[in-house]
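Trainee: Here is my input; please provide its structure:
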Amino acid sequence: MILENKDKYKVLAEEPQRIKDFLSDELFKTAGISLTEDQINILEKAFIDNVIIEVEESNENANVKTSLKIFNNKIVVIKTKKLSIKEMINAVMDIGSITTQGNVFVVIATLLNLVSVLFITKLNDDEKEIYVYLAYLYFGKHNKISNVKIHEIIKLHYKESLEETISDRKINSVLKMLEDDLRVIEFVDGYLVVKDKIYFE
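Mentor: Have a look, this model is predicted:
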């Protein structure tokens, strides 16, 4: 059974208004992006719609006390919690009036940070920047990125968007961590694949 949005918030121990306040405050603080109430509502929905929480009914004697939640007078066990990166990014891209290409990365990264236990919060600035940019290119722009061109693409992003430089060694380290440790990207037949679902605790 997949939970509805109102029950997802119970599992996340959050409230819609707190999510909206976080989005509004964080986007203004990090990028000077000021959004209307309607725009914030759209972003909040883009986030919670793509948090997927699967549960199954249980009983009081189940040895999973930390996972027990009661919904509609039923005891359930949380099986999986995951985030659909593809659909969330597509939702942000569809908004259009909210972001320009220059700050769309900030919006996506802020949405990814909404759940504090998501792996994205464990990344340093370079790791987060590269992951968000690759996810944006893969899902948002549908770019086909080869392992031969990926260093050039990342370096150009740093130069044009951040006015910074990044070494091949650093890029290799980040890509290795994303592929081997977190397993959120892979290369198939020499081309980048960003995995759609991120599982979290």
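Trainee: What is the burial count for Ala46?
Mentor: 23 (other CB atoms under 10 Å). In short, each C-beta sits where N, CA and C put it, glycine included.
Trainee: how about it, what does it touch?
Mentor: Ala46 makes contacts with 88, 91-92, 95, 111, as judged by CB atoms under 8 Å, 6 or more residues apart in numbering.
Trainee: Which strands or helices does the longest helix along the chain pack on?
Mentor: For the chain, the longest helix by residue count, based on DSSP state H, is helix 16-31. Judged by 3 or more CB pairs under 8 Å, 6 or more residues apart in numbering; DSSP states H and E, the packing partners of helix 16-31 are helix 37-48, helix 104-112.
Trainee: tilt between the longest one and helix 16-31?
Mentor: Spelled out, it's helix 37-48. 100 degrees (axes from the mean of the first three to the mean of the last three CA atoms, to 10 degrees).
Trainee: contacts for the helix or strand just after helix 37-48?
Mentor: Counting by DSSP states H and E, the next helix or strand C-terminal to helix 37-48 is strand 51-57. For strand 51-57, the surrounding residues in contact (CB under 8 Å, 6+ apart) are 1-3, 7-8, 11-12, 69, 71, 74-84, 115, 197.
Trainee: count of neighbours near Ile145?
Mentor: 20.
Trainee: Then Ile2?
Mentor: Neighbour tally, Ile2, other CB under 10 Å: 11.
Trainee: Local confidence estimate at it?
Mentor: Ile2 is assigned a predicted lDDT (pLDDT) of 78.
Trainee: what bridges to it?
Mentor: Applying DSSP bridges to Ile2 gives these bridge partners: Glu54.
Trainee: nearest spatial neighbour of Glu186, skipping sequence neighbours?
Mentor: What sits nearest to Glu186 in space, not counting adjacent residues and going by CB to CB, 6 or more residues apart in numbering, is Val193, at 5.1 Å.
Trainee: about what we covered before: in helices only, show me the contacts of Ala46.
Mentor: Short answer: the contacts of Ala46 in helices (DSSP H) are 88, 91-92, 95, 111.
Trainee: Compare the residues you listed and tell me which is most surrounded.
Mentor: Leu111 (26 neighbours).
Trainee: Surely that residue touches Leu43?
Mentor: Yes: between Leu111 and Leu43 there is a contact under CB atoms under 8 Å: 6.9 Å.
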